[in-house]
Structures are given as C-alpha cells and as structure tokens.
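Engineer: predicted coordinates and the sequence they were generated for:
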Amino acid sequence: MEKSLSKGDKVEWSTSQGVTTGKVVKKQTTETKIKGHKVNASKSDPQYIVESLNSGKRAAHKPEQLHKA
C-alpha cells in the first residue's frame with residue numbers, strides 16, 4: 001500500500017546523524033538528478049523529494065523511508 005503524502009506535508013526520516021524533519025516538495029515519478037546523484041523514480045516506483053527544515057537541502061526518499069511528523 002502506497003503512502004499518501006502531499007506537497008507541504010511535514011515528514012521525518014532516519015539519517016546517520018539521527019532523525020531529520022522536513023517537508024515534501026513533490027512526488028517524483030520520472031528519473032532525475034539531485035546533487036549529482038541519479039534518482040531512479042518511476043510511476044510504478046515513485047520517490048518523494050523532501051527538503052530538510054534544518055539545512056534546506058533536498059533529497060529523494062522512497063515512501064517507506066518517510067513518516068508523517
């Protein structure tokens with residue numbers, strides 16, 4: 001079952017430094033690059049672009065890695 005996340009939702013995810021909080025920027029359903037890294041997103045395997053509230057940096061995460069804050 002796919003998570004229902006929308007643009008602007010506050011989310012949390014785990015990093016090597018601990019739990020980070022941010023917001024959903026968009027649902028990515030096509031391949032793209034973030035900071036030189038390829039994001040293998042597709043309609044059948046979407047990822048979410050999130051922005052950290054602390055650093056303002058963006059990253060892509062699979063739905064199962066994100067939890068609503």
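Structural biologist: Ah, there it is. Residues are numbered from 1 along each chain as shown.
Engineer: thought Q65 was touching V11?
Structural biologist: No. Look at Q65 against V11 with CB atoms under 8 Å: they stay out of range, at 9.2 Å. Yep, even glycine has a C-beta here, placed from its N, CA and C like the rest.
Engineer: of those two, who's got more company?
Structural biologist: Using other CB atoms under 10 Å, the more surrounded residue of Q65 and V11 is V11, with 21 against 16.
Engineer: and that one, that's in a strand?
Structural biologist: Yes. V11 sits within a strand when classified using DSSP: H, G, I helix; E, B strand; the rest coil.
Engineer: how near is it to K27?
Structural biologist: To K27, V11 is 12 Å away according to CB to CB, to the nearest Å.
Engineer: residues contacting L5?
Structural biologist: V11, V24, K27, Y48, P63, L66, K68 (CB atoms under 8 Å, 6 or more residues apart in numbering).
Engineer: what of T21?
Structural biologist: Counting by CB under 8 Å, 6+ apart, T21 touches K10, V11, E12, S52, L53, N54, A69.
Engineer: and for the residue lying closest to the second one once chain neighbours are set aside, the neighbour number?
Structural biologist: Once its chain neighbours are removed from consideration, V11 has its nearest residue in L66; the separation is 4.5 Å (CB to CB, 6 or more residues apart in numbering). The burial count assigned to L66 is 20, neighbours taken as other CB under 10 Å.
Engineer: you'd agree L66 is up against W13?
Structural biologist: Yes. At 5.4 Å, L66 counts as touching W13 under the criterion of CB under 8 Å.
Engineer: list residues touching both of the two?
Structural biologist: With CB under 8 Å, 6+ apart as the test, L66 and W13 both reach V50.
Engineer: how about the strands in this structure?
Structural biologist: Remark: strands assigned in the chain by DSSP state E are 10-15, 18-28, 32-34, 37-39, 47-52, 58-61, 67-68.
Engineer: turn those into CSV, including distance to S4 and mean pLDDT.
Structural biologist: Below are these laid out as CSV (distance: least, CB to CB, whole Å; pLDDT from 0 to 100):
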stretch, distance to S4, mean pLDDT
strand 10-15, 12, 95
strand 18-28, 10, 96
strand 32-34, 22, 94
strand 37-39, 20, 94
strand 47-52, 11, 97
strand 58-61, 15, 96
strand 67-68, 9, 94
